[in-house]
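1. Need coordinates for the following:
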Amino acid sequence: MKRTIIMSFALIFCLLAGCGGGDTLKGTWKGADSSAQEAAFAFNGKGGLTFTDGIFFDKAPGTYTITGNTMVITFDGWDSVRSYTFAVEGNTLTMTAPEDEDYAGFALTRQ
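-> Residues are numbered from 1 along each chain as shown. You can find the predicted model right below:
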């Protein structure tokens, strides 16, 4: 009984602390947007990011949240909050913009 209680607390702690999984996006990802413009995101694993596009922005700060396979990015350099459906397969991150929006998606590789 005592062992079951200890294991239950360990499991709860691990779930709350993010043991094992962590943020799938944590790290630096480089590639291009859907119009072939160079782009890079550095996700800190705690909801913060920097964005570089090679033209206007160089390590500009922003924030992100993840719910399921949806990522929402807030970045002062963009005119609005942007939502993406995302998928990570191996070292590839694909961020797809909703069809009814006019902003670009991204195809990126983990660095």
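2. When you work out contacts or count neighbours from here on, use the C-alpha atoms and nothing else.
-> Will do.
3. quick one: least confident helix or strand in the protein?
-> The weakest-scoring helix or strand in the chain, judged by mean pLDDT, DSSP states H and E, is helix 2-17 (a mean of 44).
4. How much space separates the residue most central in space within the chain from residue 70?
-> In the chain, the residue lying closest to the centroid (C-alpha atoms, centre = their mean) is residue 25, at 4.4 Å. Counting by C-alpha to C-alpha, to the nearest Å, the gap between residue 25 and residue 70 amounts to 12 Å.
5. Residue 37 now?
-> Taking C-alpha to C-alpha, one finds residue 37 at 22 Å from residue 70.
6. before we move on, what about residue 86?
-> Distance, residue 86 to residue 70, using C-alpha to C-alpha: 6 Å.
7. Just want to know which of those two has more residues nearby.
-> residue 86 (19 against 15; other C-alpha atoms under 10 Å).
8. Now do the helix or strand containing the more buried one: everything it contacts.
-> Residue 86 belongs to strand 82-89 when elements are defined using DSSP states H and E. By C-alpha atoms under 8 Å, 6 or more residues apart in numbering, the residues outside strand 82-89 that reach it are 24, 69-74, 93-98, 105.
9. just stretch 92-108 next, same as before
-> Residues outside stretch 92-108 that contact it (C-alpha under 8 Å, 6+ apart): 29-35, 39-40, 82-88, 109-110.
10. Direction included, what does the strand holding residue 86 pair up with?
-> strand 70-75 (antiparallel), strand 92-96 (antiparallel) (DSSP bridges).
11. and that strand, how far from the chain's centre?
-> 8 Å (C-alpha atoms, centre = their mean, to the nearest Å).
12. pLDDT of that strand, averaged?
-> Mean pLDDT, strand 82-89: 97.
13. related to what we said a few turns ago, give the PyMOL command for selecting the buried subset of the contacts of strand 82-89.
-> Buried members of those, defined by 16 or more other C-alpha atoms under 10 Å, are picked up in PyMOL with:
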select buried, resi 71+73+74+93+94+95+96+97+105
